[in-house]
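J.: Provided below for reference: sequence and predicted model.
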Amino acid sequence: MSALRIEGFVIVSADGRLANAHNVMPDELKIDGDKRFFTAALDRADLVVHGRHSQEEQPNAPKRRRLILTGKVAATAPDPTNPKALLWNPAGCPFQTASREAGVTSGMVAIIGGPGVFGMFMDRYDTFWLSVAAKVRIPDGEPCFPGVPARTPQQVLSAHGLHAGEAQLIDAAQDVSVTPWRRVG
């Protein structure tokens, strides 16, 4: 058993999108209740993993160790713009090696996107926190996971062995809930 706990985090529109057609998270998905939930989760994370378009805008962001996925390095390399970050090419280096090189061998790893990054870890999540903004639709937007929109995000998570827990309302005014999807067994 790994000493790393893999947890995913995303907020999606009612139609399973996390960004608009230009790969930008629209303001309609920047919801206060989800921001508070996401910030608290990342404050507990030992390592944050994301692609080049995914980012966080919290005050503690510069303090966090992170892996940034890229094809521009052979395996891993220091990020020239962030001393806490390591550029990582999954084709040239396994995740366990990259996380060790980032200085993290135990604790919680927060996977924060984008779709390809989420897909890489689909069979490894211990918990995936799916926030849904029920009032928001982005018909031509970027799907949150590979396989969406042919399937819903919930169907994708279920197909990978994750089971929905009890949803929590995190922003009543915007009708946003978060559901933990956990691997059982």
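T.: All right, it came through fine.

J.: List the residues that contact Ala102.
T.: The contact partners of Ala102, taken as Cβ atoms under 8 Å, 6 or more residues apart in numbering, are 47, 65-67, 86. Bear in mind the C-beta positions are built from the backbone N, C-alpha and C, glycine included.

J.: The same query, at a cut-off of 10 Å, please.
T.: For Ala102, the contacting residues are 46-49, 65-67, 76, 84-86, 88, 109, by Cβ atoms under 10 Å, 6 or more residues apart in numbering.

J.: Those residues into CSV, with extra columns for neighbour count?
T.: Formatted as CSV, these follow (neighbours: other Cβ atoms under 10 Å):
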residue, neighbour count
Asp46, 18
Leu47, 24
Val48, 26
Val49, 27
Arg65, 19
Arg66, 25
Leu67, 26
Thr76, 19
Lys84, 16
Ala85, 19
Leu86, 23
Trp88, 26
Val109, 26
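
J.: which one of those residues is nearest Leu29?
T.: Distance to Leu29, by Cβ to Cβ, is smallest for Val48 among the contacts of Ala102, at 18.7 Å.

J.: can you map out the strands along this structure?
T.: For the chain, the strands defined by DSSP state E cover 4-13, 17-19, 47-50, 66-69, 76-79, 82-88, 107-111, 127-133, 142-143, 162-164, 168-171, 176-183.

J.: Adding distance to Arg151 and mean pLDDT, write those out as JSON lines.
T.: As requested, these are arranged in JSON lines below (distance: least, Cβ to Cβ, whole Å; pLDDT from 0 to 100):
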{"stretch": "strand 4-13", "distance to Arg151": "13", "mean pLDDT": "97"}
{"stretch": "strand 17-19", "distance to Arg151": "14", "mean pLDDT": "95"}
{"stretch": "strand 47-50", "distance to Arg151": "23", "mean pLDDT": "96"}
{"stretch": "strand 66-69", "distance to Arg151": "23", "mean pLDDT": "95"}
{"stretch": "strand 76-79", "distance to Arg151": "33", "mean pLDDT": "96"}
{"stretch": "strand 82-88", "distance to Arg151": "28", "mean pLDDT": "93"}
{"stretch": "strand 107-111", "distance to Arg151": "19", "mean pLDDT": "97"}
{"stretch": "strand 127-133", "distance to Arg151": "13", "mean pLDDT": "98"}
{"stretch": "strand 142-143", "distance to Arg151": "10", "mean pLDDT": "96"}
{"stretch": "strand 162-164", "distance to Arg151": "13", "mean pLDDT": "98"}
{"stretch": "strand 168-171", "distance to Arg151": "24", "mean pLDDT": "97"}
{"stretch": "strand 176-183", "distance to Arg151": "14", "mean pLDDT": "98"}
